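Visitor: build me a structure from this.
(one chain, ligands or ions: 3)
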Amino acid sequence: MRVDVVDVSADLTGGVRKPVTTVDEVMQLLKARGYRRTVQRERIIAILMKTERPLTAREIHESVGSRVPHMRLDTVYRNLELLREAGLVTQINLQNRESARFELHEDGDHHHHLVCIDCGRSVCLPVCPIDRAHLEAAAGAEFTLLNHAFEMYGRCARCSA
Ligand SMILES: [Zn+2]
Ligand SMILES: [Zn+2]
Ligand SMILES: [Zn+2]
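Guide: Ligands and ions are numbered 1, 2, ... in the order given. Okay, here's the model as predicted:
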């Protein structure tokens, strides 16, 4: 009897996804998509990869710290925006820049988030409640649907205690 070692369904059970790629692979994707590979971008990806929760730009800035001199908070924001454009990073907490958090985005992955309105922590929900076919039919010929952003707000267990 053959036993499958890799259980892909395990991916869907946990809230936090482990990245399966390396920093170098992400950088190659960046380059393939027409963006320059820089030390700052590499550092940001490395930090997001080794952290198990989404981070704010400020937290990323603090982690970059002394390793990349003269990297200002603004530079972190600018690079995160570029990485998001390139489809390598997802922004969570879309309502404001200060509390926005970022996580790595893997190709083919699509999920949504619960966001705590008090502390800003978020939980990945490995589901999509959007019925794409239904929406496409409703939008009709007027609009070509490409993507969507959707998050739910509430209070985490810690904040509601
Ligand atoms: Zn909370
Ligand atoms: Zn997520
Ligand atoms: Zn969705």
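
Visitor: up against ligand 1, what does this protein have?
Guide: Residues of the chain lying near ligand 1 by C-beta under 5 Å from the ion: 116, 118-119, 156, 159. For the C-beta atoms, the positions are set from N, CA and C on the backbone; glycine is no exception.

Visitor: go again with 8 Å.
Guide: The chain comes close to ligand 1 at residues 116-121, 155-160, as judged by C-beta under 8 Å from the ion.

Visitor: which of those are buried?
Guide: Buried by 16 or more other C-beta atoms under 10 Å: 116, 120-121, 156, out of these.

Visitor: leaving out the residues flanking it, which one is nearest to whatever residue of the chain ends up closest to ligand 3?
Guide: Residue nearest to ligand 3 within the chain (C-beta to the ion): residue 128, separated by 3.2 Å. Using C-beta to C-beta, 6 or more residues apart in numbering and skipping residues adjacent in sequence, the residue nearest residue 128 is residue 110, 5.8 Å away.

Visitor: and the pLDDT for the one you found?
Guide: Reported pLDDT at residue 110 in the predicted model: 90.

Visitor: so it, which of the three states?
Guide: Taking DSSP: H, G, I helix; E, B strand; the rest coil as the rule, one finds residue 110 in the coil state.
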